[in-house]
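Chemist: Okay, sequence plus prediction incoming.
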Amino acid sequence: MNTAERLKNIDVGHVSFSEPLSSHCSWRIGGPADALVQPDSEEQILRLLEFVRGEGIPLLVIGRGTNILFPDGGIRGVVLKLGRRFSGFSFSGARVRAKGGVWVPRLVRNIADAGLSGMEHASGIPGSLGGLVTMNGGSLRRSVGENILSVDAVSHAGEMRTFSREECDFSYRHSFFQCSGTRDEERWIILGALLELTPGDRGAIRREQLRILEERRVKFPHHQPNCGSVFSNVPAVYDLAGPPGRIVEETGLKGKQVGGAQVSFCHANFIVNMGGATARDVLSLIGEVRRRVYDRIGVWLDCEVRYADERGVLVPASEACL
Ligand SMILES: Cc1cc2nc3c(=O)[nH]c(=O)nc-3n(C[C@H](O)[C@H](O)[C@H](O)COP(=O)(O)OP(=O)(O)OC[C@H]3O[C@@H](n4cnc5c(N)ncnc54)[C@H](O)[C@@H]3O)c2cc1C
């Protein structure tokens, strides 16, 4: 029996083989994963972890793929995406306990409907809660880490643990879960989180969300696949030269195209897939932008977007650019 047949024979949730990763990311780029597994329970996750450990197979955990560039050749290993059963949440006073797979726009909308304030800044961020916590995502100078009380996770070695906010080590677009090493004991799958919010006026919270959504609708490209902001808005660079979108625009790179990848005319910190873009196109374009910006202002822009290599190892795309 080969590995695929052995995987088929264990109860790990929904499994698909040679699954195109372009269908699991907002850039619509990427070759096939050997297997994509969507577990629906902690038991299934533990069983899958035991399987990949036993077989020595690389494992990559993804959410909605709105911050990942997948390789053109796909991934020689297993990609784990939390299944539908990981998309619930429940309220208790001003707290909400949510599972890692919940779609952030749905969570944010329900938090507003419950008359709770504090997550408006995440309106319109199209990822999962697990991805948002990993990236410490947010907007308007806010980040989800400010709302987190604790995070439940399981290590690739199978240890279940609850992390306090302090242990999550949140800072600007960074969390402990991003750089948790290469050993199984150091890599974690986020199962859910406990968030604390503030009671407020339901109408006012909803109006603020709609205002943010409208601002994003006007500012960001919608009709072409993209991955949100490509370059990080690092405070030191911001103080020197402004936000990355402005830096790229002032370098004259709006509309710059490599293959099917283009620096968006709408917002220069976005790279859009004009149709048929490859990961190679995107990495070449990122490399070109970084060199041109460095030549003009002497700063290397780092990427917020992650690149996954063929063994599922993630690095900021700026570390893999061509
Ligand atoms: C149109 C658009 C607008 C965006 N606007 C914003 C914005 O305003 N602010 C912002 O911060 N981001 C923004 N983003 C980027 C992106 O949506 C966020 O980073 C989001 O939080 C990523 O979530 P995801 O589920 O898609 O994660 P993925 O892209 O799938 O993964 C991102 C990282 O999280 C890890 N991960 C995902 N789920 C888990 C889990 N359960 N356990 C462990 N690790 C996990 C992955 O391994 C990877 O390292 C935008 C993206 C798009 C396409």
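Modeler: Yep, that arrived.

Chemist: Next, whatever residue of the stretch 151-300 of the chain ends up closest to the ligand: phi, psi?
Modeler: Residue of the stretch 151-300 of the chain nearest the ligand, by Cβ to the nearest ligand atom: residue 228 (2.4 Å). Backbone N, C-alpha and C define where each C-beta goes, glycine included. For residue 228, the backbone dihedrals (degrees, to the nearest 10) come out as phi 70, psi -150.

Chemist: heads up, I number from 59, so please use that
Modeler: Fine by me, first position is 59 from now on; the one you just mentioned is residue 286.

Chemist: pretty sure it contacts residue 328?
Modeler: Yes - judged on Cβ atoms under 8 Å, residue 286 makes contact with residue 328 at a distance of 7.1 Å.

Chemist: what is in contact with those two at once?
Modeler: residue 278 (Cβ atoms under 8 Å, 6 or more residues apart in numbering).

Chemist: which element follows the stretch of helix or strand residue 266 belongs to toward the C-terminus?
Modeler: Using DSSP states H and E, residue 266 maps to helix 260-277. The C-terminal neighbour of helix 260-277 among helices and strands, as given by DSSP H and E, is helix 293-299.

Chemist: Now do the buried residues in that following helix.
Modeler: For helix 293-299, burial by neighbour count (16 or more other Cβ atoms under 10 Å) applies to 295, 299.

Chemist: do the same with stretch 215-227
Modeler: Buried-residue list, stretch 215-227, by 16+ other Cβ under 10 Å: 221, 223, 226, 227.

Chemist: Now do the second one against residue 233, distance only.
Modeler: Pointing back at residue 223 there. Using Cβ to Cβ, to the nearest Å, residue 223 is found at 10 Å from residue 233.

Chemist: shared neighbours, those two?
Modeler: Residues touching both residue 223 and residue 233 (Cβ under 8 Å, 6+ apart): residue 203.

Chemist: Get me the contact residues on this structure for the ligand.
Modeler: Residues of the chain lying close to the ligand by Cβ under 6 Å from any ligand atom are 84, 119-126, 140, 158, 183-186, 188-190, 192-193, 195-197, 235, 247-248, 278, 284-286, 364, 372.

Chemist: Just to be sure, which of those residues are found in helices?
Modeler: 188, 189, 190, 192, 193 (DSSP state H).

Chemist: now that we have the residues you listed, which one has the most neighbours?
Modeler: Of these, residue 190 is surrounded by the most neighbours, 32 neighbours in total, counting by other Cβ atoms under 10 Å.

Chemist: in the stretch 259-380 of the chain, which segments are predicted with low confidence?
Modeler: Counting by pLDDT under 70, the stretch 259-380 of the chain shows no low-confidence range.

Chemist: Could you rerun that using 90?
Modeler: Scanning the stretch 259-380 of the chain with the threshold set as pLDDT under 90 gives 280, 292-294, 380.

Chemist: now swap in the stretch 59-208 of the chain and tell me
Modeler: 59-63, 199.

Chemist: which parts of stretch 269-280 are buried?
Modeler: Buried residues in stretch 269-280, counted by 16+ other Cβ under 10 Å: 270, 278.

Chemist: if we look at that stretch, which residues are touching it?
Modeler: When contacts are defined by Cβ under 8 Å, 6+ apart, stretch 269-280 is touched by residues 178-179, 181-182, 197-198, 284, 286, 322-325, 328, 330.

Chemist: Among those residues, name the buried ones.
Modeler: Buried members of the contacts of stretch 269-280, counted by 16+ other Cβ under 10 Å: 178, 179, 181, 182, 197, 284, 286, 322, 324, 325, 328, 330.

Chemist: Give the next helix or strand downstream of the helix or strand where residue 208 lies.
Modeler: In the assignment (DSSP H and E), residue 208 maps to strand 206-213. For strand 206-213, the succeeding helix or strand toward the C-terminus, using DSSP H and E, is strand 218-222.

Chemist: Excluding chain neighbours, what is closest to residue 303?
Modeler: With Cβ to Cβ, 6 or more residues apart in numbering as the criterion, residue 303 has its nearest non-adjacent residue at 3.7 Å, and that residue is residue 327.
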